[in-house]
Structure formats: C-alpha cells, structure tokens
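S.K.: Have a look at this prediction, sequence included:
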Amino acid sequence: MLKIKGNYFILETEHVSMVVRAVEERTEYLYFGEKFADYSGLELMHAEGNAPWNAPLSLFSQWGKTDFREPSFLVRFADGSCACDFRLKSAKIVKRDFADGLPRPYGEEKCLRLEFTDAPSKLKLTLTYTPYADSDAFCVAASLFNGGKKSVVLENFASAQLEVWGRDFDFTTFDGTWACERTKHKRALAYGKFENASYTGSSSAFHNPFVMLSREGEAYGVNLVYSGNHREIAETDDSGRTRLIAGINPFCFNWELGAGETFYAPEAVLVYGKTEEDVSVRMHRFVNRHIVRGKWSKKERPILVNNWEGTYFDFNEKKILDIAKKGAEVGAELFVLDDGWFGKRDSDTCSLGDWFDYTEKTGGLDKLADKIRALGLSFGIWVEPEMISEDSELYRKHPDYAMKVPRREPTRMRNQLMINLADPQVQGFVFRAVSKVITQCRAAYVKWDYNRHMTDCFDKNTRGGEYYHRYILGLYSVLQKLTERFPNVLFESCASGGARFDLGMLCYMPQTWTSDNTDARDRITIQSGTAYAYPQSTMGAHVSASPNHQTGNSNPLETRFRVACGGLLGYESDLTKCSGEELSAIKNQIAFYKKHRAVIQYGQYYRLGDSFGGDWSGFISVAEGGAKAVSVVAVPVKRTGASNYRARFKGLDAKTVYRVSLREPSGIMKEICVAGGDLLNKGGVNLDGIFSETNPREVSYPLYTRMFVFEKFVKDKAEKKAK
Ligand code: GLA
C-alpha cells in the first residue's frame, strides 16, 4: 500500500510500515519498522532540528552542507566544485517504469517517486520506493538526470541510504574466498565506519552485497540487485544515529554524465524484521516471488548429474554416456556436460572462446546430446563465455577481444584472460556463440561459469572510471537477450563456485552453484550463510566423491546427501565407479528427494542452531500452510560424557499434529512418533542418538546428522472407528 497523507508518505507491506516525511523541501525517514495499526500521532516522532547533531534520518546525503558523514553521492561539476543542495520538488505515486538495462524486481506496479532538484546545476535526483506487500521488502531505485548544459562527473552514486536511531547495532556480513563463500561474520559497530565491499569487478566470494544491521528486537537487511563492485558502509555518529549506504563501489568509479543524460543506480532491497530470522524469511520470499523469473521460477528443479569431478578434462563420448546411463538408472533427470567439450580443451590452458565442438572427445555434440536424451535425461552444457584463452582460435583472430591494457603484460588467472564485454561488438560475439551452442545441442540447461577476477580493465572507447559498471551493463545486455531468445532453458550461474551469488545474476539465472567445496561439513556453514539472503531454490548442492576433492576429508554417502538436501540436488562424481550398493543408495536418495522436492526447494527455510558457532547446526524447510516439513540437523564434534544436544524446530504449525519420521542411514524411513507442532517447536527432540549412526573410524572429519520428515497426521478411518 502506498499513500500520501499531507506531508507524510506511507508505504506498507503485510507486516511493515515505512513512513517518510517531507519538511518543507527536505525529507526524512520518520519510521521503518513493525506495521502501525493506525497512523494518528506521527508528529510525536518528528526530529527537532536541522543542525548536524539533531538532523532527521535522511534518505540520501550530499556534500557541501553540514552533513559531515560519508555521503551517498558526490557530483563533481565542470568548475571543480562539488557542493549540492537537493530539494524536494515533487512526490507522486506512479507506475514503475525504468528503461535502463538493469535487472529489476518485478511483481509490483506502483512506487512512490520523489524528485529533488539542485537549482543552480539543474540536476534532478529521483528516488523511487516500491513496497513488495507479500514479502515485506522495500526496493529503492535512485537516478540522476543532468538538466544542465555541461557534463558533470559522478564520483559516487549509491543506490540507497538507510538511517536509524541508535548506534548499538551489530553489523553482519557474509565473507570468504574460494571454497568458503558467505561465511557469516557479525561484529558490534564501533565509532566510525565499517566497510563491506568488492573490488574484484564482480559481487565476489570475498564480501557478498547482502548485509544486516541488528540489535535486540530489530534487524534490517540490505541487498543490491547488482553483480559488480559494490560497497556497503555502516557509520555511527556522535548524535546517536547509524547510517547504512549501499551501492556501486565508488573506488575506480567515475561516471561522466552528459547534458540531458540520466544515470541509474542498481536497485536496492531493504527488509525490516524483529529478528535476523524475520529478515531471512522475508528475503527468501522476495527472491522467490520478485527476483527469479521466467519459466523456472517457482518450478521444481531437476536433479542433475555433472561429470566435472568425475572426469575433469579427461573424458570421451563413451565415458560420458556411461556416467549418464548410471545417472538415468538411479533416477536423475538432467545430465550436465561440464568443461572440456570444446575447441582443443584438454586442460585449463587453452580454448576458452572456441565455443565449437571438440568432436574427437564428444563424438559429435549434437549426437551425444541426442543419445543422452534417449536415456531419458535432459541435456545441459557448461560454458564460460566471459573468458578467452591466449591459446585459442578466437584470440589468434581477435586479440582485441581480450581485456588488457595496451603495452602492459596482462594478469592471468587460471591461465586465462577476460573478454572485453564493455564493447558492444564483443557482446554480439558472446550472444551469437552461446546461442549457437544452445541451438546445436538443444540444451535444456546452461551452466554459465566465470573463473577469475577482473584485472587490466581497459576499453579504448570507455572512460576508465566507467569500465567496471559498463562491463556489468554489457553482461546484463547479453543475458537479457539470451534469456529472451531461450525462455525454456534453465540457466545456472557459477563463478569458481559461488563468487557471483547475487540478486543481479538471479534475475537472469534462477539458480547458482553455491561453492566448489562440497565437503559436507564445510557445506553446512556455506549453505547456512548463503541462506540468510538466498532461498534453497537458488542454491546448487551436490553430492560428490569421498574423500572430498577439495578438502581430502571423507564422510558417508548418506551424510553428503542429507547436507545436499539444503538446496538443489545433484551428483558430481564418476557414477561408473560406484558399487552396486552405492548406486542403490543413490537411487533411494533421489526417490526420497523427488517425493519431498517441493518442500525442500520451496518450503520456508528456518535455520536451526547457528552454523557451528553454536556447536550444532541445521535447518528445517516447512511447506506453506505447515502440512509438511523436512529437517536436517548436524553436529560436528562428539563430546565424551554429557551430551545435551536438543533440536527445537521452527515454523511447524502449532495446531497441527505431525507424524515424525527419521531417515535411517540405510535410507529407510522409520516413524518415531506422532507429536504436536507446538511441542516440536518448543520442546524439540533430544539428539542423543545422533552419534550412533556414524562410525567415527569411517570418517576423517566427522559430521553427525539426523534427518526428519514431518507430515500432517491424519488418523485413518479404521483407527478412528476402533476408538
Ligand atoms: C569452476 C566451477 C566448477 C567447474 C570448473 C570447470 O571451477 O566452479 O564447477 O565447472 O570451473 O572448469
């Protein structure tokens, strides 16, 4: 709901209110929190003055007046000055309408549009706020129009600013590197600023754009619909406020805005909740309902078999067909041919850019795809189109397509260079090359990889400070065209595992490969961190071989499976090497997953425990309405003596009586009791037995797990009659 009531702008979702107030030509956040039943008395919350120490909570901040904190934007004028004084000129409820090539949330038509002008320069700042009623999210879109006669330079232009009273907040970020992405880090804000940012050209494995500010009783989550360099700054001030700014990282950003031009910042998502968990629940709803789009949104995702860890580059047609055949036998639905099928790609030193069939290996890609389809599987393929190998036909013909600075030796990562997607000609090449691959093998699925960071940014037609953002705009333009041309294809984004897990990519690709690290114990932490902002339906989670290829640790097949049930199931190993016993276990797992897939992929996710910070961890995924749920709990250490592990569940319907079943290591489901949702949520289950399932001698890095299924208990007629 959106309402303008005098000087108040009221935005409402199912549980949250945001009230913005206009005071003469200024605006302030008057309130952002739990929904009001009635809005009388808003004046009680007015801030008193306009001096730096008692200024109200601002929607944006400019340089040149008396606000001496980090500004949300900075404009440099032709004369070298940068003072601005933007004043509110209009406030209207209008239709959402953007024509800027950025990915945006969908599903709400209306927004509050606030227009501010800086009279001397004729710059116009537009902020639009869209409430997403069914997910309690508020999106902010900022743009700047240059109505003057001369160009100006944007040195910084953030997407959103949020200010709250109080400075006793914790700031939570999700950081890591390759193979340990999005590990949760929470710290108390101290005096000064804390920065969470990416400098790699993409959203990065180092620091995800999703952050939270929280304290007892309130939590705010902020994310960006963006895949490039981002920065989130949390700053406390001497007057008892905390400011949070989120947007494109101003480092190496410098955008010339010509007369008559508009710059659009990526959209930001603001979510309020009483707890971190509320924020997480609301973020999930928002992503499932307003970010992921197209044919695959809200649709059950296929169980795949991927050959990467099974073969690496060393395969031929027979090997692939043998693996696929085993996959079909155990009930998988999609076979993904990973890296190595193109050019002369026998190692990671060559052929990126040569997106044509390596027939000696594949025996003919189209024929191979047909044979896989004949097994009853759909066919998917791996590409890494943003890259180029120097040892490739493409590079020999078009060295100009590579991203490098003239007369400088480029930096190679994984032996490869990046392609210059800021150049429309190169964008055209990528679109045509990928379209040809998809058409040739009639792919139902594409894994779009990105295996290095951006360095040596240069394009002869692009201003240096605009490069990073123009690259991302180039990428979005290609993805837009591809997803329009191939609406039925399921795209999965990947970046050396999960180095580009963000809302921008999810607007084009419904799922993301969470991490190259498939070690069950590490995956618990990675998936638990990722799931703060991103739902299970977006997280690729595969069962791979043991010992694990990344960590060398071993864990039983059943443990690996249970952990993979935190997301989109796949198998990533050489299935031809599995024993008959293992294959029948996998068959059982796949049948189980199919039976419970809807709730595993789309149920409401609640975190149990807190990764391993609190000794044990887990999740429960509850179907809408609460009729069914699946839960996995995990304990990493077996303590001698007293064990007091107890899992209290969440989200089960208090009034529903559930039949509770435990999945045994053999895959057999054992009904353990009938219990009320209320009791299960409040009392929970004792996990003493958890240690008996895994023999610690069989594992090098133990993870003790239990998997529960809760189904609404309906007494059958005979039972009722007997009573
Ligand atoms: C990346 C991906 C892997 C695999 C390889 C192939 O590392 O994350 O899943 O596709 O590339 O080279």
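M.R.: Okay, I see it.

S.K.: buried ones in the host helix or strand of residue 584?
M.R.: Per DSSP states H and E, residue 584 falls inside helix 580-602. Of all the residues in helix 580-602, those buried under the rule 16 or more other Cβ atoms under 10 Å are 585-586, 588-590, 592-593, 596-597, 599-602. The way it works is simple: take the backbone N, C-alpha and C, and place the C-beta from them, glycine included.

S.K.: What are the contacting residues of it?
M.R.: 288, 298, 300-301, 303, 326, 329-332, 535-537, 543, 557-558, 561, 565, 567-569, 571, 575, 578, 621-623, 628-630, 663, 666-667, 669, 709 (Cβ atoms under 8 Å, 6 or more residues apart in numbering).

S.K.: Can you spell out which helices and strands pack onto the next helix or strand along the chain from that helix?
M.R.: Using DSSP H and E, the helix or strand that follows helix 580-602 towards the C-terminus is strand 604-609. Counting contacts by 3 or more Cβ pairs under 8 Å, 6 or more residues apart in numbering; DSSP states H and E, strand 604-609 packs against helix 276-286, strand 617-622, strand 628-635.

S.K.: now those in CSV, with mean neighbour count?
M.R.: Formatted as CSV, the helices and strands packed on strand 604-609 follow (neighbours: other Cβ atoms under 10 Å):
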stretch, mean neighbour count
helix 276-286, 22
strand 617-622, 25
strand 628-635, 26
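
S.K.: and the residue in the stretch 251-400 of the chain positioned nearest to the ligand, how many residues sit next to it?
M.R.: Proximity of the stretch 251-400 of the chain to the ligand (Cβ to the nearest ligand atom) peaks at residue 339, 3.5 Å away. When neighbours are defined as other Cβ atoms under 10 Å, residue 339 has 20 of them.

S.K.: With residue 22 instead?
M.R.: Counted with other Cβ under 10 Å, residue 22 comes out at 16.

S.K.: Mean confidence (pLDDT) on stretch 301-319, please.
M.R.: The average pLDDT for stretch 301-319 rounds to 98.

S.K.: Please apply the same query to stretch 240-251.
M.R.: 96.

S.K.: do the same with stretch 428-447
M.R.: Stretch 428-447 comes out at a mean pLDDT of 98.

S.K.: do stretch 635-652 as well
M.R.: Averaged across stretch 635-652, pLDDT comes to 78.

S.K.: now stretch 48-62
M.R.: pLDDT averaged over stretch 48-62 gives 79.

S.K.: What's the end-to-end length of it?
M.R.: 20 Å (Cα to Cα, to the nearest Å).

S.K.: Residue numbers of the chain in contact with the ligand?
M.R.: 308, 338-339, 382, 449, 451, 494, 496-497, 513, 516 (Cβ under 6 Å from any ligand atom).

S.K.: Buried residues in the lengthiest strand in the chain, which are they?
M.R.: Longest strand in the chain by number of residues (criterion: DSSP state E): strand 152-165. For strand 152-165, a neighbour-count test (16+ other Cβ under 10 Å) marks 152-164 as buried.

S.K.: can you pull the contacts of residue 378?
M.R.: Contacts of residue 378 (Cβ under 8 Å, 6+ apart): 302, 333-335, 444-445.

S.K.: wait, what's in contact with residue 365?
M.R.: Here residue 365 is in contact with 341, 357, 359, 440-441 (Cβ under 8 Å, 6+ apart).

S.K.: May I ask which helix or strand encompasses residue 144?
M.R.: With DSSP H and E as the criterion, residue 144 is inside strand 137-146.

S.K.: Between strand 152-165 and that strand, find me the angle.
M.R.: 150 degrees (axes from the mean of the first three to the mean of the last three Cα atoms, to 10 degrees).

S.K.: all helices of the protein, in order?
M.R.: 276-286, 308-311, 317-330, 359-362, 365-374, 393-397, 424-441, 467-485, 503-506, 520-530, 557-564, 580-602, 677-682, 717-722 (DSSP state H).

S.K.: in the protein, which segments are predicted with low confidence?
M.R.: Counting by pLDDT under 70, the chain shows low-confidence ranges at 49-54, 610-614, 639-644, 694-698, 716-723.

S.K.: One more pass at 50, please.
M.R.: 642 (pLDDT under 50).

S.K.: gap between the closest residue to the ligand within the stretch 501-650 of the chain and residue 561?
M.R.: With Cβ to the nearest ligand atom, the shortest gap between the stretch 501-650 of the chain and the ligand falls at residue 516, namely 4.7 Å. Distance of residue 516 to residue 561, given as Cβ to Cβ, to the nearest Å: 19 Å.

S.K.: can you check residue 621 too?
M.R.: From residue 621 to residue 561 the distance is 15 Å (Cβ to Cβ).

S.K.: Excluding sequence neighbours, find me the nearest residue to residue 195.
M.R.: residue 233 (5.5 Å; Cβ to Cβ, 6 or more residues apart in numbering).

S.K.: how far away is that neighbour from residue 251?
M.R.: 12 Å.

S.K.: neighbour count winner among those two?
M.R.: Per other Cβ under 10 Å, whichever of residue 233 and residue 251 has more neighbours is residue 233, with 22 against 15.

S.K.: Can you give me the distance of the more buried one to residue 196?
M.R.: Distance, residue 233 to residue 196, using Cβ to Cβ: 8 Å.

S.K.: now residue 375
M.R.: 46 Å.

S.K.: For these two, indicate the residue with more neighbours.
M.R.: Taking neighbours as other Cβ under 10 Å, residue 375 and residue 196 compare with residue 196 leading, 22 against 16.

S.K.: which residues touch that one?
M.R.: Residue 196 touches 171, 173, 175, 207, 209, 211, 231-234, counting by Cβ under 8 Å, 6+ apart.

S.K.: Considering these, which possesses the most neighbours?
M.R.: That'd be residue 209 among these, by other Cβ under 10 Å, with 34 neighbours.

S.K.: List the contacts of that one.
M.R.: By Cβ under 8 Å, 6+ apart, the neighbours of residue 209 are 196, 198, 203, 223-224, 226, 230, 232, 246, 502-503.

S.K.: which of those are buried?
M.R.: 196, 198, 203, 223-224, 226, 230, 232, 246, 502-503.

S.K.: rewinding a little: with neighbour numbers in mind, choose between residue 516 and residue 561.
M.R.: residue 561 (26 against 22).

S.K.: these two touch, right, the more buried one and residue 543?
M.R.: Yes - Residue 561 lies in contact with residue 543 (Cβ atoms under 8 Å); the separation is 5.4 Å.

S.K.: Looks like residue 446 contacts residue 435 (just checking).
M.R.: No - shown here, residue 446 and residue 435 do not form a contact pair, counting by Cβ under 8 Å, at 10.7 Å.

S.K.: Now neighbour count too, for the contacts of residue 365, in CSV please.
M.R.: As requested, those are arranged in CSV below (neighbours: other Cβ under 10 Å):
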residue, neighbour count
341, 26
357, 20
359, 13
440, 16
441, 24
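
S.K.: Please produce CSV containing the residues you listed, extended by distance to residue 655.
M.R.: Shown next, in CSV, are these (distance: Cβ to Cβ, whole Å):
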residue, distance to residue 655
341, 54
357, 59
359, 62
440, 55
441, 51
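
S.K.: Between the residues you listed, which sits nearest residue 520?
M.R.: residue 341 (29.1 Å; Cβ to Cβ).

S.K.: coming back round to it: who are the contact partners of the closest residue to the residue of the stretch 501-650 of the chain closest to the ligand other than its chain neighbours?
M.R.: Setting aside the residues directly before and after it, residue 516 is nearest to residue 497 in space (Cβ to Cβ, 6+ apart), at 3.6 Å. By Cβ under 8 Å, 6+ apart, the contact set of residue 497 is 178-179, 181, 205, 513-517.
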